[in-house]
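> need a structure here:
(one chain, ligands or ions: 1)
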Amino acid sequence: MKLAIFGATGRMGLAIARLAHAAPEVQIVGGVCADGDPGAGRDIGELAGLGSLGVVTTPDLASGLLGADVVIDFSNARAVPQLLNVAARQKVAVVSGTTNLDEAAKKALDRAAQSVPVLWAPNMSMGVQVLAELVEQAVRRLGLGFDVEIAEIHHRKKVDSPSGTAKRLAEAARAARGELREIHGRSGDVGARTNEEMAVYGLRGGDVIGDHTVYLFGQGERIELTHRASSRDLFAHGALVAARYLSGKPAKRYTIADVLG
Ligand SMILES: NC(=O)c1ccc[n+]([C@@H]2O[C@H](COP(=O)([O-])OP(=O)(O)OC[C@H]3O[C@@H](n4cnc5c(N)ncnc54)[C@H](OP(=O)(O)O)[C@@H]3O)[C@@H](O)[C@H]2O)c1
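Numbering: from 1, shown residues only. From the prediction side, this is the model:
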């Protein structure tokens, strides 16, 4: 599988480079970075601490994707529509883990999926997929007598909030109880909580890779469903599994649940 990495110099981009390099069936053929990135023009292997791989990072999207079967994207929401346009034109399958996509970027995913296989997931781990399934089941079984709240913790450099995974978990809860309404924070004289509200909180600090807890508060008891990521390789590995899955598949939208069976 010939792989290009979009957001190649970022935390996730470099984690992908390290895991891809260790996989004999994967060849890194391109790395795309942002315009003005100090890593532009440098060998992606050297940036990832692997020694030279003969692949130089470039802000030029078309040349960065040249010859790739699949591009893996962990970048910035604003950059995603352009990536999708170029990938669709150059017939490169797309695995995207970038979070906080706006409506235009979500439409761009659908448009690209008319030409190439496209998989977007706010969390590439098997554990979070199973957590979402557990949340939906628990919220359905417990019903109105339980209050649902979600807390996520990430490192101090994360730029969006709440996390894409927290939004995914909120969606899982809403799949069971459609009336649940997401709120973000409580401050001042807000009154007692209603049955419908579901607060989603983001805590930021240090180097936390990603913790998510869904609280189900009942009378005299509570359930806490927690997932903790202890390595970025978790997401990088999931993205590579997804990339292999997409190779040779027909053009359409795929989900991480498709990959995990
Ligand atoms: N789905 C998952 O499982 C999962 C897991 C972890 C993270 N994420 C998400 O993945 C994204 C990246 O996370 P991260 O921790 O790797 O962030 P990061 O370290 O900031 O990396 C993002 C990289 O993308 C680059 N970039 C920005 N605009 C670009 C463009 N137009 N072309 C090419 N590269 C561009 C950034 O460059 P500059 O710094 O120069 O802007 C940066 O190097 C975030 O949205 C995060 O929430 C998802």
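> dump the residue contacts of the residue in the chain that the ligand sits nearest to.
Nearest to the ligand, among the residues of the chain, is residue 10, at 2.0 Å (CB to the nearest ligand atom). Any C-beta I mention is one placed from the backbone N, CA and C, and that applies to glycine too. With CB atoms under 8 Å, 6 or more residues apart in numbering as the criterion, the residues that contact residue 10 are 74-75.
> how close does residue 150 sit to residue 221?
18 Å (CB to CB, to the nearest Å).
> neighbour count: these two, which is higher?
Shown here are residue 150 and residue 221; by other CB atoms under 10 Å, residue 150 has more neighbours (25 against 9).
> mind checking pLDDT for the residue of the chain closest to the ligand?
If you check residue 10, the pLDDT there is 97.
> start at 41 instead
Got it, the first residue is 41 from now on, which makes the last one we talked about residue 50.
> where's it relative to residue 112, distance?
Separation of residue 50 from residue 112 (CB to CB): 11 Å.
> repeat that for residue 65.
Counting by CB to CB, the gap from residue 65 to residue 112 is 15 Å.
> higher neighbour count, the two?
A side-by-side neighbour count of residue 65 and residue 112, using other CB under 10 Å, places residue 112 first with 28 against 8.
> look at residue 301 and report its pLDDT.
The model reports residue 301 with a pLDDT of 73.
> do residue 202 as well
96.
> wait, doesn't it sit right on residue 240?
Yes - using CB atoms under 8 Å, residue 202 and residue 240 qualify as a contacting pair, with a distance of 4.6 Å.
> overlap in contacts, those two.
With contacts defined as CB under 8 Å, 6+ apart, the residues shared by residue 202 and residue 240 are 190, 192, 224.
> out of those residues, which is nearest to residue 54?
residue 192 (23.1 Å; CB to CB).
> for that closest one, give me phi and psi.
Main-chain dihedrals, residue 192, degrees, to the nearest 10: phi -130, psi 150.
> one more: the one 3 residues further on?
Backbone dihedrals for residue 195, given as degrees, to the nearest 10, come out at phi -60, psi 160.
> shouldn't residue 83 be in contact with residue 95?
Yes - in this structure residue 83 lies within contact range of residue 95 using CB under 8 Å: 6.6 Å.
> of those two, who's got more company?
Neighbours were tallied for residue 83 and for residue 95 using other CB under 10 Å; the higher tally belongs to residue 95 (21 against 17).
> ok, the nearest residue to that one once chain neighbours are set aside to residue 220 distance?
Counting by CB to CB, 6 or more residues apart in numbering, residue 95 lies nearest to residue 84, which is 4.9 Å off, once chain neighbours are set aside. In this view, residue 84 and residue 220 are 43 Å apart by CB to CB.
> can you give me the buried ones in stretch 292-301?
Across stretch 292-301, burial judged by 16 or more other CB atoms under 10 Å covers 294, 296, 299.
> who touches it?
Against stretch 292-301 from outside (CB under 8 Å, 6+ apart): 149-150, 153, 157-161, 163-164, 166, 169, 278, 281-282, 285-286.
> return the distance of that stretch from the chain's centre.
13 Å (CA atoms, centre = their mean, to the nearest Å).
> swap in stretch 76-87?
For stretch 76-87, the distance to the chain centre is 23 Å (CA atoms, centre = their mean).
> now do stretch 236-249
On the basis of CA atoms, centre = their mean, stretch 236-249 is displaced by 16 Å from the centre of the chain it belongs to.
> do that stretch and the ligand meet?
No - Stretch 236-249 lies out of reach of the ligand by CB under 6 Å from any ligand atom, never closer than 7.9 Å.
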